[in-house]
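Below is the structure, and that's it, no one-letter string:
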């Protein structure tokens, strides 16, 4: 906190100097009233939500349900521009002469613009610029696309709406974790999460549930703390183009979230409520044959006995119900505007006794202190509480679904009359899955504050300055409890308590100088600096052998306790120069000096650069004369950028850690490890440097048929050098390995976005959006041409030079000359070897060949229908669940029933268990992601502007050939290399939602 205080003194002094050097002239001013109606060209329908404001001021509002707008502004007489904009339409700037007439009525018709070149964006730039000036691709998602879609979190809501963004739900928990990768993986040991920014505040999206309660699969990540109802829009920029402004933390791209703010006018209220039902979309095939082997271990003994089979899926899966309420109010006057909201969400899971609750409060205040100074302040508070179940991962002993896949379903899992649950896993100690959901208690509580204060000053007509201080703090507390006398390996009971405190802040100061050089050339120079700091503390304690009933750890035998601390500082400064030629050719260049405390003294500060070009060639006369009838708009763009990558290294990993140890009675220090004599630890490296990323992209934006069809195409190639990888060391060093810059990888791909408006009439419209993304990834260098298994993958996902990241590398079938599976003399398959005698080879790739979406939106009068299909094709999933279920010694799998019926030899599944190729399945799918129907009307109630009724379905249908619950799931969560990993994760549910939204 001392660092924060010192930094505030420095930046506050600099800003005070800027303010002191300014002055404001006071002139006679009048209060004007601006009114009118905004309609949509082609349909003549009113356009609600359009932004209407006076350029260069904070005076403005948004149009209501009927397209009407009205606001007052205190202005000097003279000329002003009234700007009217809406995402998907061409912005209009209407000149107005202000005189003695104090009421100005202006009706506006906006033309559809599917390329959105007039949209003002700020992501990747220190000041807002039109999209037409950018040399790199940028995507936007509107507020209305984030709600009424069955999603409870922001990252869920943007699935399928952005090219180049692979959005994957890792878990079907009530707050199901999400991972987002923009343009493929860019590191190995770290993660490829983009940088998340909310109103300028860099926020955490950690998924540290496993650090707390060892739940296994990722049950939630911290974007779930944000309410989609509070969001105005989202901007996404991919690749190194963002890093010049935001630094190396943005090397994986940026997702910038802009929350709603108040506008001048009377208070406007919005209330929404919805109810939802979550259900299991499908059951997996299970053994229903009413027979069991007398001796399952003797493959020659075919004697069976009659038994009753139980479908455990019916026992612990159930429909979950949820409700969400939201209320907001916004408004303001000429000096002050405000937005305030409150929300409550209660979402039950599809596994019994699981749920997620979120209570939130949000406020944004804008104060115009003087004509030249605007102050913005925001606060977001969230409290969430979840009841969870272990759902996979490496610690499999007491999970509900792990118990399911290890169980023999000839055992009735329900308790007897005395309440004792039977053991269902007859071979290895695993939990009765029904007991896990009925008796075990695992939960988390999170309190989170996200707050900021920002200053925007217009020092002169050409010089402006902005400063922002943002803070993000959350406390995450978790408990785990297993009572005594249970079916898990910890029969004496288990208790766990863990707490995490995560604090980070960012402080940014930017100056911008904009001036014309000639009549046709304009220059914009921006200079900025930033300081970021994050601190992470974790304390955990585990105990066994508990006192009956009591849940606290100190009543038992403490077998594990620990504390983790992390402190990282980031700093940087940049200089960016932009030129505009005739408002159709734009050149941009920037350099950034970036630093982070995680690296050695000589490697901390790195210099990166970027350059871009944008050319609106359709505004040239030759284009208009030759191609203008077909291509109304055509923009060429290209960019090149460099960035570092900071996610692969922890705060103090560069150091070698030593522990006290006694050697022949003499106190000594030895390298710290699990076992300092037999398990060699990692050695530190004080010269370690950041991974370095270089990317080039080019493409075009084209508008056809009066911009009724829009096409965006992008090609990119990304090279990552100096990858941080573990390198094995000689045993004589006393260490096992050391993290070094000894690898490279590359990504290359294309992104295509197609928008169209096939039909536009007064009563009916049809809009269509299609996306297509393709990325090819390959690890181009590993030290010594080696390979290694990624952590937490059961040694299945590998890093191999010349292969995509995370390929499956395990045992495979021996095959005959015709390619059929070889069988031994007993009719069982066996594993093969390669030509060089190796027992493993690449057997699958979890990285998709391509992914895309198709969105159709229909409107007939006040009815709207939205259909979204998402597709991910050409990727493999390793089905760990089937590997266990199909083994005869457990008994619950469908193929075990086939052996009992004599449809395949007894023990066939056991023979397959060691041949991992058998369990690699095609994960390709097409999903009906969203189906939404809504009806808007204005009731005959004074003050009520609009009522919307909606019915939404999410994840309704999946067309795939996967034998598991869902091919989209990834138990390893946000891991970068461990993908396509399906082991005991909670299935992604199908959701139905009924909602009401009232504006008044």
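Received, thanks. Predicted model only: the values in this text are computed from it and were never measured.

Please count neighbours and contacts with C-alpha atoms only from this point.
OK.

list the contacts for the spatially closest residue to residue 400 that is not a sequence neighbour?
Once flanking residues are discounted, residue 400 sits nearest to residue 433: 4.2 Å by C-alpha to C-alpha, 6 or more residues apart in numbering. Each residue near residue 433 by C-alpha atoms under 8 Å, 6 or more residues apart in numbering is listed here: 316, 399-404, 413.

and what of residue 88?
112-116 are the contacts of residue 88 under C-alpha under 8 Å, 6+ apart.

ok so, going back, so which of the contacts of residue 433 is the most crowded?
Highest neighbour count within those: residue 401, with 30 neighbours (other C-alpha atoms under 10 Å).

That one and residue 987 touch, don't they?
No - using C-alpha atoms under 8 Å, residue 401 makes no contact with residue 987, being 10.0 Å away.

Could you count how many residues lie near residue 179?
Counted with other C-alpha under 10 Å, residue 179 comes out at 25.

Please tell me how far it sits from residue 573.
Distance, residue 179 to residue 573, using C-alpha to C-alpha, to the nearest Å: 30 Å.

follow-up on the earlier one: of the contacts of residue 433, the lowest pLDDT goes to which?
pLDDT is lowest at residue 399 among the contacts of residue 433; the value there is 79.

these two touch, right, that residue and residue 436?
Yes - here residue 399 reaches residue 436: they are 6.7 Å apart, a contact under C-alpha under 8 Å.

what is in contact with those two at once?
In contact with both residue 399 and residue 436: residue 389, using C-alpha under 8 Å, 6+ apart.

any idea how this protein splits into domains?
Listed by automatic domain parsing, the domain ranges of the chain are 24-111, 141-280+317-398+440-653+688-806+845-875+923-999, 654-683.

and the second one, how far apart are its ends?
End-to-end distance for domain 141-280+317-398+440-653+688-806+845-875+923-999: 22 Å, by C-alpha to C-alpha.

All further residue positions should be reported with the first residue as 19.
With the count now opening at 19, the last piece we talked about shows up as domain 159-298+335-416+458-671+706-824+863-893+941-1017.

any idea how far that domain is from the chain center?
3 Å (C-alpha atoms, centre = their mean, to the nearest Å).

Any idea how many residues pack against the residue lying closest to residue 491 once chain neighbours are set aside?
Distances taken as C-alpha to C-alpha, 6+ apart place residue 521 nearest to residue 491, at 4.4 Å, with adjacent residues excluded. Neighbours of residue 521 under the rule other C-alpha under 10 Å: 20.

Report pLDDT for residue 521.
On pLDDT, residue 521 comes in at 96.

now for the one helix or strand it maps to, which elements pack on it?
Residue 521 is located in strand 512-534, with elements delineated by DSSP states H and E. Counting contacts by 3 or more C-alpha pairs under 8 Å, 6 or more residues apart in numbering; DSSP states H and E, strand 512-534 is packed against strand 219-220, helix 227-231, strand 481-500, strand 539-562.

Of all these, which one is nearest residue 117?
Minimum separation from residue 117 across those (C-alpha to C-alpha) falls at strand 481-500, 28.7 Å.

other SSEs contacting that closest one?
strand 219-220, helix 227-231, strand 459-476, strand 512-534.

Name the stretch among those that sits most buried.
strand 219-220 (a mean of 24; mean count of other C-alpha atoms under 10 Å).

what residues does that one touch?
Contacts for strand 219-220 (C-alpha under 8 Å, 6+ apart): 213-214, 468-470, 487-490, 523-524.
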